[in-house]
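Chemist: Give me coordinates for this.
(one chain, ligands or ions: 1)
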Amino acid sequence: MAKHDIAYLPGDGVGVEVLEAVRWCLDALDFSANYNEGDIGWKYWCTEGNALPDRTLKLLKDTECALFGAITSKPKQEADAELDLKLKGKGFSYFSPIVRLRQELNLHTNMRPCKAYPGNLLNYKEGINVVIFRENTEGLYAGIEFHPVPGNVFDALCTHPKAKKFERFGLENLAMSTRLMSRQGCASIVRQAFLFAKKHSRKSVTICDKPNVLRETGGLMIRTAREIHEKEFNDIPMFETNIDAQCMWLVKNPFDYDCIVAENMFGDILSDLSAQLVGGLGFASAGNIGDDYAVFEPTHGSAPKYTGMYKVNPIAAILAASLMLDWLGETEMADRLEKAVAAVIKESKVRTYDMSGTNTTIEMAKAIAAKCKE
Ligand SMILES: NC(=O)c1ccc[n+]([C@@H]2O[C@H](COP(=O)([O-])OP(=O)(O)OC[C@H]3O[C@@H](n4cnc5c(N)ncnc54)[C@H](O)[C@@H]3O)[C@@H](O)[C@H]2O)c1
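Modeler: Reported below is the predicted structural model:
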């Protein structure tokens, strides 16, 4: 009997190809698992009006964690246009399945390691090793948005003196996205970062927001972080930065940073910036982690222009699998897989197009799988 039950969610486009690559590596490690394939992605939006069907959510609940490839998503007008004729006009509206996964399963922590593996010619500088902790369920990406802004919402806003001046535009011309954050949400992401720093002997935790402008939400994040730092982790240095300056400093002095905590949207921006410092989307993996479930993914999308070509780099997805193994407590396998990735990068014999090579997705996977067996 297999030891683990994994939900296998390839999704759209190159998501299918990179998860196939992951299987080569997990099989080489003799990882014992049932892979339960679930439906997710654009096809299910078009045919069922739901990119994350209920049967997939049910399947997830019967597994320990999920491996996710990538999905395609499109702006509102295109999404509406591609919806099956028989579903049109029935009140279906597109919502990103990955955002829904994070919210429905309360996967509050998005952990994105960005490590410059020695010898990767795409490294901005050798030695970069940053982990971004992005709050995953609240803030600007929580999806609490209005257009037009309903009268009762606007009336409530007008209890704030700065809202009144928008009245002259007319409610139908106003769009609004909210940045709602909770003390609990801030505490959770800050604590996850400190716990990680403690476990892995990392040198510091930096809290990044914009409390001088976003005084209430940014202020809540900073005050909560200070409290947790003082009471629970005062042996680990904590720094505070503003998001704009942090972007500049990450490029200027990347070695000054270790674990960085940020709200949902700021964390999204910081993770893409950090990913590019260590080779780009072909190397960027993430764990969406909750209290008792987690979804592991490469951070790239479905890359339509390469779909079906087996050309993209599977290393991001393979590193996501290493994060999954670690989370499952299979630490020896997680370590072996990461070392195999590092060895193939260092040797530089097998390289996908983004590494200026001509090898395919599966050739890269096989090279890493072979190292896993050494
Ligand atoms: N988590 C997700 O599933 C996710 C994330 C981002 C975008 N998307 C969706 O994916 C679709 C395409 O979006 P996009 O083109 O902006 O982003 P993308 O990440 O799919 O690809 C952008 C470009 O990055 C490069 N790239 C991506 N993955 C790579 C890899 N593994 N190896 C080498 N190069 C790689 C390619 O040049 C590609 O054309 C859209 O529908 C978008 O909404 C999904």
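
Chemist: right, and Met111 touches Phe196 too?
Modeler: Yes. Proximity of Met111 to Phe196 meets the contact threshold set by C-beta atoms under 8 Å, at 7.3 Å. C-beta: built from backbone N, CA, C; applies to glycine.

Chemist: With neighbour numbers in mind, choose between these two.
Modeler: For Met111 versus Phe196, neighbours defined as other C-beta atoms under 10 Å are more numerous around Met111 (24 against 18).

Chemist: Quickly find the element holding the closest residue to Thr331 other than its chain neighbours.
Modeler: Excluding its sequence neighbours, the residue lying closest to Thr331 (C-beta to C-beta, 6 or more residues apart in numbering) is Leu325, at 7.4 Å. Leu325 is located in helix 315-327, with elements delineated by DSSP states H and E.

Chemist: Give me the contact status of that helix with the ligand.
Modeler: Yes. Using C-beta under 6 Å from any ligand atom, helix 315-327 reaches the ligand at Ala316.

Chemist: after that helix, next one along is what?
Modeler: helix 331-347.

Chemist: Going by neighbour count, which residues of that following helix are buried?
Modeler: Neighbour counts over helix 331-347 (16 or more other C-beta atoms under 10 Å) mark Met333, Ala334, Arg336, Leu337, Glu338, Ala340, Val341, Ala342, Ala343, Val344, Ile345 as buried.

Chemist: Strands of the protein, residue ranges please.
Modeler: Counting by DSSP state E, the segments of the chain that form strands are 4-11, 33-37, 65-70, 109-115, 129-135, 145-146, 176-177, 205-209, 238-242, 259-262, 285-289, 294-298.

Chemist: Direction included, what does the second one pair up with?
Modeler: Note on strand 33-37: by DSSP bridges, its sheet partners are strand 4-11 (parallel).

Chemist: For this structure, spot the helix or strand the model is least confident about on average.
Modeler: Using mean pLDDT, DSSP states H and E, helix 97-104 stands out as the lowest-scoring helix or strand of the chain, at a mean of 91.

Chemist: about what we covered before: count residues in the vicinity of the residue nearest to Thr331, would you?
Modeler: Around Leu325 there are 22 residues (other C-beta under 10 Å).

Chemist: which residues touch Lys90?
Modeler: Gly49 (C-beta atoms under 8 Å, 6 or more residues apart in numbering).

Chemist: Please report phi then psi for it.
Modeler: phi -110, psi 20 (degrees, to the nearest 10).

Chemist: Equivalent analysis for Lys203, please.
Modeler: Note on Lys203: its backbone torsions stand at phi -80, psi -20 [degrees, to the nearest 10].

Chemist: same thing with Leu105?
Modeler: For Leu105, the backbone dihedrals (degrees, to the nearest 10) come out as phi -100, psi 10.
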